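Q: Build me a model from this:
(one chain, ligands or ions: 1)
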Amino acid sequence: MRKITRRQFGTTVAAAAAATYAGVALPRFAFGAPLPSALNFPKGFLWGCATASYQIEGGAADDGRGTSVWDTFSHTPGKTYHGETGDVADDSYHLYKEDVRLLKNLGVSTYRMSISWSRVFPTGKSPVNPKGLDYYNRVVDELLANNITPYITLFHWDLPQELPGGWQNRDTPKAFADYAAFIGKHLGDRVHHFMTTNEFVCFTDLGYRYGQFAPGLKLAAAEANQVRHHGILAHGLAVQAIRANTPSGTQVGLAENATVFVPVIETPEHITAAQKATRDDNAPFLTTLMEGKYPDSYLEQEGANAPKVEPGDMEAIGSKLDFVGLNIYTPQYVRADDSKKGYVVLPYPTSAPHMASPWIVLGPECIYWSVRNVCDLWKVPAIYITENGTSSDDVLTPEGKVYDTDRVMYLRNHLTHLHRATEEGYPVKGYFLWSLLDNFEWADGYSKRFGIHYVDFKTQKRTPKLSAEWYRETIAKNAVE
Ligand code: PNW
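A: You can find the predicted model right below:
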């Protein structure tokens, strides 16, 4: 049994007990709760910010960068909000030193960034574009010169357009492994943490089944399942490629938005229900990676549409990981029942509070349950929260301030519940806030701002929001207050 040493709500056991309901910690500022002491995070806990290449870099035509599927998609009428594109975005391609300064001012120890595959390999394969690699060398060196540890995502959706058939083609995972090997060889002397892919469901299902993201296809189930398979195969081959091309000790993982199931009541039956739902719902992705095989229930459910698997695929896909990264935004509630599955996923109440993006429904306990479900199911050695944050209808005042109190509320609540996971001994090593800057929010274009720095997209001026100030305090104290 895990030793529970929770002491969130004051110094006495009695006080702690008073601030829980059905074993669930209440928000620490709940009405009537005892005056809280600071929630201290473990010594050495890593604080960071996260971004992604296509969302911040711009410089789309600079120095030989090749086209990605997101260039094509965003330039196709009707695909993004007001037809907005990442052509310029935050112009971080030119302003990266300023962005590292922002990180430095926050006091973060880590930064999660992604590499644009088509900047380094314009067609997705050899020949390399040396100027593309140069850019990432410069960014990495600038981070290290400022004592900030880079965590690199190899693929955050900007697939080179020239790769024939994209993720439908079995050659694409192989091309990805070659690209991963190259990055490992050239950055692995200075970068020791890699994430292969970001959020399978977004670049497979949303791109190839539902058409909401690049490349905007609506394939039938069998083809779409094959795309999913190629996605996880790419991950597995890249894990092997990075390990083979970097010094030993290099840490490899991924960033995944596994659906987070929260038990409606914190009792053993509902907790088990949440675990079962986590395993089933993430069957085509995280579950298969963790178990090295597709769950029987998934294969049965997909029947003739199940993916075609070749010899060696599952060994690669099941490669042991050094850490699992979780991107956490919103919960799904679940309860135990008498059905064959043993649970039912509950519909979200129509009056549920949500943030500026309607899909971000507020339920901060999800961050605790994401860690607990994944660790209890698969005993992973280390967890990072690779994304957590929210959009907000930010307004820049004439005095140049942004009072994003709703973002601060969202972050404080999530970190309060993440703290519970650390107190209970789950191996949470670090937290990356999404995002450093307002940026290109995919199909929502620039209409949704996720940054803790406000960006004026006409002038590229960055302004710290209240949340940046709050995050700086949190990092300095290694505690949520
Ligand atoms: C993540 N949904 O994407 C991505 O990793 C980021 O690039 C993105 O900017 C961030 O979250 C905020 O959206 C998601 O609709 C996009 O459920 C959409 C969804 C989930 C995650």
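
Q: Which stretches in the stretch 1-150 of the chain count as strands?
A: For the stretch 1-150 of the chain, strands defined by DSSP state E, counting those that start in this stretch occupy the ranges 20-21, 24-25, 39-40, 46-50, 110-114, 149-155.

Q: what do you get for the stretch 351-481 of the chain?
A: 383-388, 428-434, 453-456, 461-464, 479-480.

Q: In CSV, list those strands along with mean pLDDT, mean neighbour count and distance to residue 155.
A: C-beta: built from backbone N, CA, C; applies to glycine. As requested, the strands of the stretch 351-481 of the chain are exported to CSV (pLDDT from 0 to 100; neighbours: other C-beta atoms under 10 Å; distance: least, C-beta to C-beta, whole Å):
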stretch, mean pLDDT, mean neighbour count, distance to residue 155
strand 383-388, 99, 26, 13
strand 428-434, 99, 25, 17
strand 453-456, 98, 20, 24
strand 461-464, 98, 17, 26
strand 479-480, 96, 19, 32
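
Q: Out of those, which is closest to residue 195?
A: Of all the strands of the stretch 351-481 of the chain, strand 383-388 sits nearest to residue 195, with 6.7 Å by C-beta to C-beta.

Q: Next, the angle from that closest one to strand 149-155.
A: 70 degrees (axes from the mean of the first three to the mean of the last three C-alpha atoms, to 10 degrees).

Q: Mind giving me the packing neighbours of strand 383-388?
A: Strand 383-388 is packed against strand 46-50, strand 251-256, strand 324-328, helix 365-378, helix 405-423, strand 428-434, with contacts defined by 3 or more C-beta pairs under 8 Å, 6 or more residues apart in numbering; DSSP states H and E.

Q: That one to strand 46-50, inter-axis angle?
A: 40 degrees.

Q: Parallel or antiparallel, which strands does strand 383-388 pair with?
A: strand 324-328 (parallel), strand 428-434 (parallel) (DSSP bridges).

Q: and the angle from it to strand 110-114?
A: Counting by the same axes, to 10 degrees, strand 383-388 lies at 60 degrees to strand 110-114.

Q: can you give me the end-to-end distance of stretch 390-405?
A: End-to-end distance for stretch 390-405, by C-alpha to C-alpha, to the nearest Å: 12 Å.

Q: Quick check: buried residues in that stretch?
A: Buried residues in stretch 390-405, counted by 16 or more other C-beta atoms under 10 Å: 390, 391, 392, 394, 402, 404.

Q: Next: stretch 46-56.
A: 46, 47, 48, 49, 50, 51, 52, 53, 54, 55, 56.

Q: Local confidence estimate at the residue positioned nearest the centre of the chain?
A: Nearest residue to the geometric centre of the chain (C-alpha atoms, centre = their mean): residue 327, 3.3 Å. Confidence at residue 327, expressed as pLDDT, is 98.

Q: swap in residue 23?
A: So residue 23 comes in at 54 (pLDDT).

Q: before we move on, back to that, tell me which of the strands of the stretch 1-150 of the chain lies nearest to residue 468.
A: strand 46-50 (9.6 Å).

Q: can that closest one be found next to the ligand?
A: No - judged by C-beta under 6 Å from any ligand atom, strand 46-50 stays clear of the ligand, getting no closer than 8.0 Å.

Q: Between strand 251-256 and that strand, find me the angle.
A: With the same axes, to 10 degrees defining the directions, strand 46-50 sits at 50 degrees from strand 251-256.

Q: How far does strand 46-50 sit from its chain's centre?
A: From the chain centre to the centre of strand 46-50 is a distance of 12 Å (C-alpha atoms, centre = their mean, to the nearest Å).

Q: Check stretch 174-186 too.
A: 21 Å.

Q: in that stretch, what's buried?
A: In terms of neighbour count (16+ other C-beta under 10 Å), stretch 174-186 has its buried residues at 174, 175, 176, 177, 178, 179, 180, 181, 182, 183, 184, 186.

Q: For the closest residue to the last one other than its chain neighbours, grab the count of nearby residues.
A: Translated: residue 186. Excluding the flanking residues, the one nearest residue 186 by C-beta to C-beta, 6 or more residues apart in numbering is residue 133, at 6.0 Å. For residue 133, the tally of surrounding residues (other C-beta atoms under 10 Å) stands at 18.

Q: can you pull the pLDDT of residue 133?
A: Model confidence at residue 133, given as pLDDT, is 98.

Q: my read: it touches residue 120, true?
A: Yes - look at residue 133 against residue 120 with C-beta atoms under 8 Å: they come within range, at 5.5 Å.

Q: quick one, what contacts whichever residue of the stretch 351-481 of the chain sits closest to the ligand?
A: Using C-beta to the nearest ligand atom, the single residue of the stretch 351-481 of the chain nearest to the ligand is residue 359, 4.5 Å away. Residue 359 makes contact with 329, 330, according to C-beta atoms under 8 Å, 6 or more residues apart in numbering.
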